[in-house]
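In: Any chance you could fold what I've pasted below:
(2 chains)
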Amino acid sequence: MSTPFYVSPEQLMKDRADFARKGIARGRSLAAVQYADGVLLVTENPSQALHKVSELYDRLAFAAVGRYNEFENLRIAGVRLADMRGYAYDRRDVTGRGLANAYAQTLGTIFSSGGEKPYEVEIFVAEVGATAADDQIYRLTYEGRVADEHGFAVMGGDSETVSTYLSEHYTPGASLGEALTVAVAALGHTGDGDRVIPVEDLEVAVLDRTRSQPRKFSRLRPARVAELLGPRGTPEHAAPLPDDGAPGTGATTSSTDDPADPTDQVSGNVAPLENPSTGEPPSGEPPVAPPL
Amino acid sequence: MSDARIPGAFLRPGTSSFSDFLAENAPDLLPARRSLPAGSAAEIAPHGTTIVAVTFPGGLVMAGDRRATMGNVIAQRDIQKVFPADEYSVVGIAGTAGLAVEMVRLFQVELEHYEKIEGSILSLDGKANRLSALIRANLGMAMQGLAVVPMFAGYDLDSGTGRIFGYDVTGGRHEEASFFTVGSGSLFARGALKKLYRDDLSSDDAVRVCLQALYDAADDDSATGGPDLTRRIFPIVWVVTADGAVQLDEAAIGALADEVVGARMARPDGPLAPLPGGGEEAQA
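Out: Numbering: from 1, shown residues only, chains lettered A, B, ... in the order given. This is a model prediction of the structure:
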């Protein structure tokens, strides 16, 4: 009988946290910044169709970094929760705190349950109130921790660098244009210098309390973003991420059977019943069950 | 439920329809899923009455009176019967008021839900079809006297025109080219609209036409309320154009209603339509 490996709970949690953290740091940063009329959410996202920032409810927005399929699931769950609660009770009864708690419980349970892989996502739930003092930004991490942030918050990618830049340049109560300029400069800031992010690579949305409709969320189109940012230096696209543009590899043409390559077209050179630990082919005799 | 995590059904990809989601996971919340004891409930539930809608180049106007009745009693003087469905469409209700208002609430969430999940707005025909489905689900209750017959209208972003859809209790929908009315006073209102409608109305004139038609409905139908000058309760009017749906404010409608009522003091039957080939014109 084989002895199962012992892994201490500390080590298990640390491994899972490392796994999730690595996945999140692979993407690009996303910044949430409070300004005079609400909350601004900015990220660098060349895709016009796959959003990282979207509307949850009247006064609530959702922003996420990490694995798209995982946070898209969470976003849809949030929209359904919010719409169901607003329909069963009243639109005013849908709060950011309620949604942040539901997300925290879900992420926390998934992180600590042995059977599932932890979600590689980090989420903001932003809420705009009647005045700037009522605005909230909830940050949810992969292990279900909730924190409410004030002023600004950054997640994903090299969030430390962006966050440091913002803490040096952020001013409370700024206009939309000023807040956007600082946020975009922060996203383009790296240890080796500053980059001007092209307008069409920016995904920008606001929760604007001055909007006359009950739904306060609105996306800013590239033309409007360009107008708010004003003249800047020469824009430069980001270097592709390691994962970008790397679809699954096709079948290799190797004529040998490589057990490590699931796409090779050859089989049969290695007998299917090799010893799993040594990789040695069987002796030729069919395996016989040990006597009881 | 001891597990505080979001239930699996919420995380499962699939439908973008809020009512389908409710039907699967919380059917009690659907207005049409309630079972009624046998018999008619028509006498005990307030009914809403007349709604009119008129298109004009580049948009449309929908207006509704403010009365709800229960048999011979006026149940409510200031009920709201025209609602925004989303940014570019409005829905007006006639029939059992309680159910109709709930259906409108569900319809509003249905459109918003789709927009949020899919990231794009439903086509105007798509919206009209969703409303059909909601009305069809209510057929059982309609047969027990609790019918809801809404009217849907919106600005079609693709064709750049205002379009009106009428319904029957089975969910059948039909598009109306220029104007439409529903509710108990609809016959009288439709007669007025036939004489007053022309296809080059301005948005202000379209509002005037609607107010005239509602006045005529209230004139001949006891369940339709006319402008209440003593309480200053006036019809609710929504104007939908490429800029979205806007409710006319109380002061503006008050001024127009005063104008309509003032003219009726001189001529109670309302504006005189020209009679082509008639005596006066033949002489001219």
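
In: what sits up against the top helix by length along chain A?
Out: Ranked by residue count, the top helix of chain A under DSSP state H comes out as helix A:68-88. Here helix A:68-88 makes contact (C-beta atoms under 8 Å, 6 or more residues apart in numbering or on different chains) with A:50, A:52, A:54, A:56-58, A:60, A:62, A:64-65, A:93-94, A:98-99, A:102-103, A:106, A:119-121, A:123, A:125, B:6, B:10-11, B:13, B:18, B:21-22, B:26, B:29, B:105-106, B:109, B:112-113, B:116-117. Backbone N, C-alpha and C define where each C-beta goes, glycine included.

In: which of the residues in that helix are buried?
Out: A:70-87 (16 or more other C-beta atoms under 10 Å in any protein chain shown).

In: Same check on stretch B:144-153?
Out: Using 16+ other C-beta under 10 Å as the test for burial, stretch B:144-153 gives B:Gly145, B:Leu146, B:Ala147, B:Val148, B:Val149, B:Pro150, B:Met151, B:Phe152, B:Ala153.

In: Give me the subset of those that lies in helices.
Out: Among those, no member lies in helices (by DSSP H).

In: Let's have the residues you listed in JSON lines, adding pLDDT and distance to chain A.
Out: JSON lines is the format used below for these (pLDDT from 0 to 100; distance: C-beta to the nearest C-beta, whole Å):
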{"residue": "B:Gly145", "pLDDT": "86", "distance to chain A": "26"}
{"residue": "B:Leu146", "pLDDT": "89", "distance to chain A": "20"}
{"residue": "B:Ala147", "pLDDT": "91", "distance to chain A": "23"}
{"residue": "B:Val148", "pLDDT": "92", "distance to chain A": "17"}
{"residue": "B:Val149", "pLDDT": "93", "distance to chain A": "22"}
{"residue": "B:Pro150", "pLDDT": "94", "distance to chain A": "18"}
{"residue": "B:Met151", "pLDDT": "96", "distance to chain A": "22"}
{"residue": "B:Phe152", "pLDDT": "97", "distance to chain A": "19"}
{"residue": "B:Ala153", "pLDDT": "97", "distance to chain A": "19"}
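
In: for the stretch 51-200 of chain A, what spans make up the helices?
Out: In the stretch 51-200 of chain A, the helices defined using DSSP state H, counting those that start in this stretch lie at A:68-88, A:96-112, A:159-169, A:176-187.

In: Apologies, that question was intended for the stretch 101-250 of chain B.
Out: B:124-137, B:139-142, B:186-196, B:203-220, B:250-266.

In: quick one, which of these is packed in tightest?
Out: With neighbours defined as mean count of other C-beta atoms under 10 Å in any protein chain shown, those peak in mean count at helix B:203-220, which reaches a mean of 23.

In: Once you drop chain neighbours, what's closest to the residue of the stretch 151-284 of chain B found nearest chain A?
Out: Taking C-beta to the nearest C-beta, chain A has its nearest neighbour within the stretch 151-284 of chain B at B:Gly244, 8.3 Å off. Nearest residue to B:Gly244, sequence neighbours excluded (C-beta to C-beta, 6 or more residues apart in numbering or on different chains): B:Glu87, at 4.8 Å.

In: B:Val169 too?
Out: Nearest one to B:Val169, counting by C-beta to C-beta, 6+ apart, is B:Ala142 at 4.3 Å.

In: measure that neighbour to chain A for me?
Out: According to C-beta to the nearest C-beta, to the nearest Å, B:Ala142 and chain A sit 22 Å apart.

In: That residue against B:Tyr167, yeah?
Out: No: using C-beta atoms under 8 Å, B:Ala142 is not in contact with B:Tyr167; the gap is 11.2 Å.

In: Tell me the residues of the stretch 1-150 of chain B that contact chain A?
Out: Residues of the stretch 1-150 of chain B lying near chain A by C-beta under 8 Å from any C-beta of the partner chain: B:3-6, B:10-11, B:13, B:18, B:21-22, B:26, B:29, B:87, B:105-106, B:109, B:112-113, B:116-117, B:119.

In: among the residues you listed, which ones are buried?
Out: B:5-6, B:10, B:18, B:21-22, B:87, B:106, B:109, B:112-113, B:116-117.

In: which among those gets closest to A:Glu168?
Out: Among those, B:Lys116 lies closest to A:Glu168 (C-beta to C-beta), at 35.9 Å.

In: Where does the prediction get shaky in chain B?
Out: Along chain B, the model assigns pLDDT under 70 to residues B:1-3, B:279-284.

In: again, 90 this time
Out: Counting by pLDDT under 90, chain B has low-confidence residues at B:1-5, B:8-9, B:11-15, B:28-46, B:48-49, B:71-72, B:139-146, B:177, B:273-284.

In: what sits against B:Val237?
Out: B:Val61, B:Met62, B:Ala63, B:Val82, B:Val207, B:Cys210, B:Leu211, B:Gln247, B:Leu248, B:Ile253.

In: Need the max-distance pair from these.
Out: B:Leu211 and B:Gln247 (14.7 Å).

In: which non-adjacent residue is nearest residue 200?
Out: In the absence of a named chain, chain A is used. A:Pro222 (5.3 Å).

In: could you do chain B instead?
Out: Per C-beta to C-beta, 6+ apart, closest to B:Asp200 is B:Pro57, 6.7 Å.

In: neighbours around that neighbour, how many?
Out: For B:Pro57, the neighbour count with other C-beta atoms under 10 Å in any protein chain shown is 13.

In: Same list, the buried residues of stretch B:144-153, but as JSON lines with distance to A:Leu140 please.
Out: Formatted as JSON lines, these follow (distance: C-beta to C-beta, whole Å):
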{"residue": "B:Gly145", "distance to A:Leu140": "50"}
{"residue": "B:Leu146", "distance to A:Leu140": "44"}
{"residue": "B:Ala147", "distance to A:Leu140": "47"}
{"residue": "B:Val148", "distance to A:Leu140": "41"}
{"residue": "B:Val149", "distance to A:Leu140": "46"}
{"residue": "B:Pro150", "distance to A:Leu140": "40"}
{"residue": "B:Met151", "distance to A:Leu140": "44"}
{"residue": "B:Phe152", "distance to A:Leu140": "39"}
{"residue": "B:Ala153", "distance to A:Leu140": "42"}
